[in-house]
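[1] Have a look at this prediction, sequence included:
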Amino acid sequence: MKEVKHYTHEEWRAEAIKRFGTKSAHWRFVCPACGYVASVKDWDDAKAPESAAAFSCIGRYTGSTKGMGDKTGGPCNYTLGGLFNLSTVSVESDGVTHSVFDFAPAEPNHKESDKEPA
């Protein structure tokens, strides 16, 4: 059975800032189906809805035809909204728990210039 990390929204946000800085565009997540790493900016550049970041693989918005589990490189078309929830992370916000993609490895050298006003 998979172990799920549970965060409050505040804890999840603090972890993202610790790893990537305060600019949410720099926050990076790993698709649990194919392992592809994408940043919030990547989802934005692909014209994905805001709710897609850390919920649907970027491949859904870049035209990928790769299915769940295809680890041959590049993104797939997996989403947590489908039949199989592969997420190992949940975030509770306003009494509702949401499954999300896990964070990509930390970037310890993010610059102070990456900071944005709170």
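    Nice, I can see it. Residues are numbered from 1 along each chain as shown.
[2] what's the pLDDT at the nearest residue to Pro75 once chain neighbours are set aside?
    Distances taken as CB to CB, 6 or more residues apart in numbering place Gly59 nearest to Pro75, at 3.1 Å, with adjacent residues excluded. All C-beta atoms are positioned from the backbone trio N, CA, C, and that covers glycine. Gly59 is assigned a predicted lDDT (pLDDT) of 93.
[3] what do you get for Asn109?
    61.
[4] what ranges do the helices span in this protein?
    Taking DSSP state H as the test, the helices found in the chain are 9-20, 40-45, 59-62.
[5] what ranges do the strands span in the chain?
    Applying DSSP state E to the chain gives strands spanning 5-8, 28-30, 37-39, 89-93, 96-100, 102-103.
[6] do you know which of those lies nearest Thr79?
    strand 96-100 (10.5 Å; CB to CB).
[7] Pull the number of nearby residues for Leu86.
    15 (other CB atoms under 10 Å).
[8] Nearest residue to His9 in space, please, no chain neighbours.
    Ser93 (3.9 Å).
[9] do you know how far that neighbour is from Glu3?
    21 Å (CB to CB, to the nearest Å).
[10] Then Ser99?
    Ser99 is 14 Å from Glu3, by CB to CB.
[11] Looking at the two now, which is surrounded by more residues?
    Between Ser99 and Glu3, Ser99 has the larger neighbour count (other CB under 10 Å), namely 17 against 5.
[12] Do you know the pLDDT at the more buried one?
    Taking Ser99 on its own, its pLDDT is 94.
[13] hang on, Pro32 packs against Thr79?
    No: between Pro32 and Thr79 there is no contact under CB atoms under 8 Å: 10.7 Å.
[14] And those two? Which one has more around it.
    Pro32 (22 against 17).
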